[in-house]
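In: return atomic coordinates for the entry below.
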Amino acid sequence: MSHGLILLMLILPMVPTFWAIVDLAHRDFGTLRKKALWGVFVVFLPCLGGLVYLIFGRSQGTRS
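Out: Residues are numbered from 1 along each chain as shown. Next comes the predicted model:
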């Protein structure tokens, strides 16, 4: 396998996590506690946490 393909396979699963972190920073969840809990979930469960946030968490916050 080429180095580019290996790099892509390592980085691609992290895209939802980075997207979730950026989106989380721009949303208002009403309380800091809700925002912090989503942040901890996304950071400590990188691939899965990012996907779950984008599917379920995004709708809980409002764009500020």
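In: now the helices for the chain?
Out: 3-11, 15-25, 32-44, 46-52 (DSSP state H).
In: which among the ones you listed is found nearest to Arg63?
Out: When the helices of the chain are ranked by distance to Arg63, counting by Cβ to Cβ, first place goes to helix 15-25 at 8.9 Å. In short, each C-beta sits where N, CA and C put it, glycine included.
In: tell me how far the nearest residue to Ile21 once chain neighbours are set aside lies from Phe56.
Out: Beyond its immediate neighbours in the sequence, the residue positioned closest to Ile21 (Cβ to Cβ, 6 or more residues apart in numbering) is Val42, lying 6.1 Å away. Counting by Cβ to Cβ, to the nearest Å, the separation of Val42 from Phe56 is 12 Å.
In: among the two, which residue is more densely surrounded?
Out: Neighbours per residue (other Cβ atoms under 10 Å) separate Val42 from Phe56, with Val42 holding more: 25 against 10.
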